[in-house]
Every structure is written in structure tokens, then in C-alpha cells.
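Undergrad: Requesting a structural model of the entry that follows:
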Amino acid sequence: MRSMARYVDQDLRGAEFRECDLTEARLVGVVLQDAVIDGLVTNLVVNGVEVTGYVEAELDRRHPVRVLIRSDDPADLRGAARQLRADWAATLERIRRTPGVERRSVNDEWSAAETMRHLVFVHDSWFRRCCLGSTDRFTPMGLGTTVEPYRGAHGIDLTLDPAFDEIVKVRDAQAAELEAWLDRVTAAQLDAPAPIPDDDVWPPYARGRSVRQCLRTVLNETFEHHGFCVRDLDLIEAQSSE
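TA: Here you go, the predicted model:
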């Protein structure tokens with residue numbers, strides 16, 4: 001049985017843990033100041049207080065679209081998709097005011113252009129494939145998982161470097177396709193098992209989920225990556241003003 005790593009009397013100031021599984025990690029007698037935690041956080045206990053509920057409530061207050069995304073009502077899901085599209089449209093206007101900023105990366109994160117290319121992949125895989133049952137090849141410009149053998153599979157062309165306007169055009173078409181589908185989908189259709197084709201294409205772990213669950217992945221990815229994009233634009237602007 002693999003033992004848990006222990007760090008005793010270590011100086012971890014400035015350490016970065018990226019894409020790490022810290023489930024059941026214990027931090028005892030630590031000094032934790034000016035720290036940033038960004039990820040899937042549940043059942044987090046700080047000095048004996050479970051704080052996840054407070055964090056989730058504050059996030060819902062700041063971003064009411066999160067409540068719509070969790071709803072079972074098709075009307076709420078339609079509202080969520082439209083709100084997310086509007087949020088992205090406002091951010092695109094912000095990006096266009098500073099030519100070139102869409103290619104800038106912060107802290108080794110995806111640039112705005114790369115983030116949008118990832119959402120192209122999310123739409124193809126989690127919506128078209130999982131919600132519609134499509135066997136079509138993915139849009140070549142998409143940026144997806146780094147997991148092999150899916151990294152450059154099913155139509156993805158890792159050599160591409162599309163113009164930003166081309167990326168925006170594809171995302172606009174995808175958002176319109178999603179909204180048109182949501183305009184006619186029923187609660188019963190959302191509750192049905194996802195019609196995922198029987199082949200080895202990403203995402204392999206979606207099998208057994210409902211259409212609603214796959215749709216929520218699309219909406220959550222659209223929301224979360226918008227937040228990452230805005231966060232990095234704020235950092236870029238702050239650096240430029242120094």
C-alpha cells in the first residue's frame with residue numbers, strides 16, 4: 001500500500017502544486033498566509049471549521065449563473081447558456097481593445113485563444129458526442145486532453161495555430177448550436193442516458209451518465225474557463241500598469 005508523503009519542517013514558500021490529487025491531505029501546525037487554492041474543493045476543514053459551504057455560497061452570490069447550471073429546469077439551463085454567451089461576448093470585447101493580449105499566457109496557463117480552442121474541444125466531445133450521439137470527427141483547431149491516445153486523436157490537429165477571429169467564429173457557431181438545441185430539449189430527454197457512440201473516443205469516462213450530466217459539464221467548463229480567462233486578463237492589466 002503506497003504510503004502518504006510526509007513533509008516535516010520543510011520550507012515550501014512559493015511552492016506550486018499543479019494538477020495534483022491532494023485528497024485527504026493533512027496540513028498540521030502550518031503557516032499558510034497569502035495562499036491561493038483553485039480547484040475542485042470539497043469537505044475542506046480549516047481550524048475545525050468546514051468552509052466549503054461558505055465558499056460555495058459566496059461563489060453563487062458572485063455568479064448567479066452557477067445556480068442556473070445546477071438546475072433541473074430546461075428553462076434555467078437555457079438561461080445559463082445565454083448568460084455564459086453574453087459573459088464571453090463582453091470578455092471578447094475587452095480582449096479586442098488590447099490587440100495581442102489573446103496570445104499572452106500567465107503563470108503557464110492557457111492564453112485566451114488557447115482557452116477558447118479548449119472550449120471548441122469541449123463542445124465537440126461533451127455536447128455533440130455525448131448529448132447528440134455524434135460520431136463526427138472533432139474540429140481540428142480544438143485543444144483537448146493531454147492523455148494519450150486521445151491527445152491528438154479523432155480529428156484534432158496539434159500543428160494548427162488559427163487566427164483569433166477564426167476561433168471566435170467557430171465558438172459563436174457552437175454557442176448558437178447549443179442554444180438552438182436547448183430551445184427544444186425536454187426534461188425527459190435530459191434525464192435519458194447519454195447516447196455516447198460505442199467507440200474509443202474522448203471522454204471515455206462519460207459512459208453511464210445522463211444527457212443532463214454531460215450538458216452540465218459543457219456549461220461548467222464554459223463558466224470556469226471564462227473565470228480563468230478574466231483572472232489572467234486582470235493580472236496582465238495589473239502588470240502593464242506597474
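
Undergrad: so who does H63 touch?
TA: F223, G227 (Cβ atoms under 8 Å, 6 or more residues apart in numbering). Quick note: C-beta positions are derived from backbone N, CA and C, even for glycine.

Undergrad: same deal with F223?
TA: H63, V65, R66, I69, L84.

Undergrad: 10 Å instead?
TA: The contact partners of F223, by Cβ atoms under 10 Å, 6 or more residues apart in numbering, come to H63, V65, R66, L68, I69, A80, Q83, L84, D87, W88.

Undergrad: if you look at the residues you listed, which of them are in helices?
TA: Using DSSP state H, the subset of those located in helices is V65, R66, L68, I69, A80, Q83, L84, D87, W88.

Undergrad: Produce a ChimeraX select command limited to the buried residues of those.
TA: This is how ChimeraX selects the buried members of those, with burial counted by 16 or more other Cβ atoms under 10 Å:
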select :65,66,68,69,80,83,84,87,88
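
Undergrad: With pLDDT and distance to R104 as added columns, please give the contacts of F223 in JSON lines.
TA: Output for the contacts of F223, formatted as JSON lines (pLDDT from 0 to 100; distance: Cβ to Cβ, whole Å):
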{"residue": "H63", "pLDDT": "97", "distance to R104": "24"}
{"residue": "V65", "pLDDT": "98", "distance to R104": "26"}
{"residue": "R66", "pLDDT": "98", "distance to R104": "27"}
{"residue": "L68", "pLDDT": "98", "distance to R104": "31"}
{"residue": "I69", "pLDDT": "98", "distance to R104": "28"}
{"residue": "A80", "pLDDT": "98", "distance to R104": "29"}
{"residue": "Q83", "pLDDT": "98", "distance to R104": "26"}
{"residue": "L84", "pLDDT": "98", "distance to R104": "23"}
{"residue": "D87", "pLDDT": "98", "distance to R104": "20"}
{"residue": "W88", "pLDDT": "98", "distance to R104": "18"}
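
Undergrad: Among the residues you listed, pick out the one closest to R209, please.
TA: I69 (15.5 Å; Cβ to Cβ).

Undergrad: Where does pLDDT dip in the chain?
TA: When residues are selected by pLDDT under 70, those of the chain lie in 1-4.

Undergrad: now the helices for it?
TA: 52-62, 65-70, 74-96, 112-122, 164-184, 187-191, 211-241.

Undergrad: which one of these has the most crowded surroundings?
TA: helix 112-122 (a mean of 22; mean count of other Cβ atoms under 10 Å).

Undergrad: That helix - contacts with which helices or strands?
TA: helix 74-96, helix 164-184, helix 211-241 (3 or more Cβ pairs under 10 Å, 6 or more residues apart in numbering; DSSP states H and E).
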